[in-house]
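# the amino acid sequence is not available; the structure is as follows:
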Ligand SMILES: CC(=O)N[C@H]1[C@@H](OP(=O)(O)OP(=O)(O)OC[C@H]2O[C@@H](n3ccc(=O)[nH]c3=O)[C@H](O)[C@@H]2O)O[C@H](CO)[C@@H](O)[C@@H]1O
Ligand SMILES: C=C(OP(=O)(O)O)C(=O)O
């Protein structure tokens, strides 16, 4: 695989783009196939590195795979190889993505044991698994932690038992994992302070179609009445809201007229509003989002005239995964904004690359950056840079597409983790981008 994008910035883009199926939903949904020996058919699967790795991992563990087309796959977990899930090969492969951690809940539910090697994913600060493990413990699992290997081994004797739990934080993957463990536990489980983003709602709806009894879906209080058996089902992924936000930012930065087709507008929560706060015009047209070409956009202030802050918050607040995009888009706006990344402590360091490109940003501390918009008076200039994480990578790509001259973005494996055929799709809109 090639490892860099070469971009010549300045082109105005034009056209329609269809978002991929959601990466972070896919990781939950594909893990859930482990809950049943019956066939599960999943559609709108994004063809991206992380998701393909998880599918490969399940295949290695004995799950039968039938990839009907690029975005559709049938799974049947009727002969799971539990030994493989303890093997060094599993540890190595699952350490390459974050989503692998969510196989644990289904394994505990169905087989009474699970193994969690240190998961991979973005290096964006400490990413603890306490919520997952404490939730499993409350359901009756015992755990042993191997500190040398950074490895959790979980076991239950006599099966999992429903209980009440108040999560210490509404962890997304943690909630998904605990829900998947609880669906076949004996009795009723109540999870308070549950994460409730659309992907979790999708997971709960899918589990209910498989025979689970989950209520409170969409709220932070889930009630799960345990059932003895789950059967097969069909499921289709929502459009990827982080990709949609990235395309809105791309359109504004490059003064482009873009229509995002089939954007699942009912599931975007506060995302469109946050881009509007940056002064970006967008129109919801049915299920599409139309972004007109805008010569300039001006950041709003708060009602009392004070400087706008955009910060992350668990759903239905603004997702942390779009803050890097908002930050880059603000560099060319008129006005100023404080970006406050509350969740992750290393996600803003990529601003040094934007500063090299000519952006005016003050990194106040690891969590806060003030962006002073250049109002397009000085375009960014192309440089050579390396992508530190998936969303910073796409933000740098957007910066490069708007910059004067040539940029080279290295370490694009990070981008390929989550954005399907991104260079090809951007070229169709008129971008000058190639893999080198
Ligand atoms: C594969 C996957 O789905 N990854 C997503 C998932 O990661 P993941 O599920 O790993 O993230 P968590 O929701 O567990 O937590 C993320 C971080 O935020 C902190 N935290 C969490 C909740 C909270 O109310 N306050 C708080 O500070 C946690 O301590 C942790 O450091 O959710 C994150 C938060 O939306 C996203 O960035 C990731 O893209
Ligand atoms: C942080 C992200 O992914 P992961 O949790 O897989 O590292 C992301 O999707 O922005």
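The structure has been received and is ready for your questions. Please read all numbers here as calculations on a predicted model, not as lab measurements. Numbers count the residues shown, from 1 in each chain. Ligands and ions are numbered 1, 2, ... in the order given.
# near ligand 2, which residues of the stretch 101-250 of the chain?
Contact residues, the stretch 101-250 of the chain versus ligand 2 (C-beta under 6 Å from any ligand atom): 121-122. Glycine gets a C-beta too; all of them are placed from N, C-alpha and C.
# can you give me the strands in the stretch 101-250 of the chain?
113-117, 142-146, 151-155, 164-166, 188-192, 213-215, 221-225, 233-236 (DSSP state E, counting those that start in this stretch).
# so what's the residue nearest to residue 221 when sequence neighbours are not counted bridging to?
Spatial nearest neighbour of residue 221, excluding adjacent residues (C-beta to C-beta, 6 or more residues apart in numbering): residue 192 at 5.3 Å. Per DSSP bridges, residues listed as beta-bridge partners of residue 192: residue 166, residue 221.
# mind listing what residue 192 touches?
164-167, 220-221 (C-beta atoms under 8 Å, 6 or more residues apart in numbering).
# before we move on, back to that, okay if I get the strands of the stretch 101-250 of the chain as CSV plus mean pLDDT?
Converted to CSV, the strands of the stretch 101-250 of the chain look like this (pLDDT from 0 to 100):
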stretch, mean pLDDT
strand 113-117, 91
strand 142-146, 91
strand 151-155, 91
strand 164-166, 98
strand 188-192, 98
strand 213-215, 98
strand 221-225, 98
strand 233-236, 98
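# deepest-packed of those, please.
Each of those was scored by mean neighbour count; the highest is strand 113-117, a mean of 22, by mean count of other C-beta atoms under 10 Å.
# my guess is residue 261 meets residue 286, correct?
No. When contacts are counted by C-beta atoms under 8 Å, residue 261 is not listed as touching residue 286 (9.7 Å).
# neighbour count winner among the two?
residue 261 (16 against 10; other C-beta atoms under 10 Å).
# now do the contacts for the residue nearest to the more buried one when sequence neighbours are not counted.
Spatial nearest neighbour of residue 261, excluding adjacent residues (C-beta to C-beta, 6+ apart): residue 18 at 4.8 Å. Residue 18 is in contact with 239, 260-262, counting by C-beta under 8 Å, 6+ apart.
# can we see that at 10 Å?
239, 243, 259-263, 288, 425 (C-beta atoms under 10 Å, 6 or more residues apart in numbering).
# try residue 236
Contacts of residue 236 (C-beta under 10 Å, 6+ apart): 21, 29, 41-45, 71-72, 202, 206.
# try residue 302
Residue 302 neighbours (C-beta under 10 Å, 6+ apart): 277, 308-309.
# re earlier: can I get the strands of the stretch 101-250 of the chain in TSV including distance to ligand 1?
Putting these into TSV (distance: least, C-beta to the nearest ligand atom, whole Å) gives the following:
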stretch	distance to ligand 1
strand 113-117	12
strand 142-146	17
strand 151-155	15
strand 164-166	13
strand 188-192	13
strand 213-215	19
strand 221-225	15
strand 233-236	16
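# the contacts of residue 18 in strands, which ones?
Among the contacts of residue 18, the residues falling in strands (DSSP state E) are 259-260, 288.
# wait, a strand at residue 16?
Yes. Under DSSP: H, G, I helix; E, B strand; the rest coil, residue 16 sits within a strand.
# does residue 27 touch residue 120 like I think?
No. Judged on C-beta atoms under 10 Å, residue 27 makes no contact with residue 120 at a distance of 11.7 Å.
# what sits in contact with each of those two?
By C-beta under 10 Å, 6+ apart, the residues touching both residue 27 and residue 120 are 50, 53, 97-101.
# how is the chain partitioned into domains?
Using automatic domain parsing, the domain parsing of the chain gives 4-19+239-435, 23-236.
# start to end distance for the shortest one?
Spelled out, it's domain 4-19+239-435. End-to-end distance for domain 4-19+239-435, by C-alpha to C-alpha, to the nearest Å: 6 Å.
# that one near ligand 1 anywhere?
Yes. Using C-beta under 6 Å from any ligand atom, domain 4-19+239-435 reaches ligand 1 at 314, 319-321, 342-344.
# if I look at residue 248, how far off is ligand 2?
Here residue 248 is placed at a distance of 16 Å from ligand 2 (C-beta to the nearest ligand atom, to the nearest Å).
# returning to that earlier point: which of the contacts of residue 236 fall within helices?
Members of the contacts of residue 236 lying in helices (criterion: DSSP state H): 29, 202, 206.
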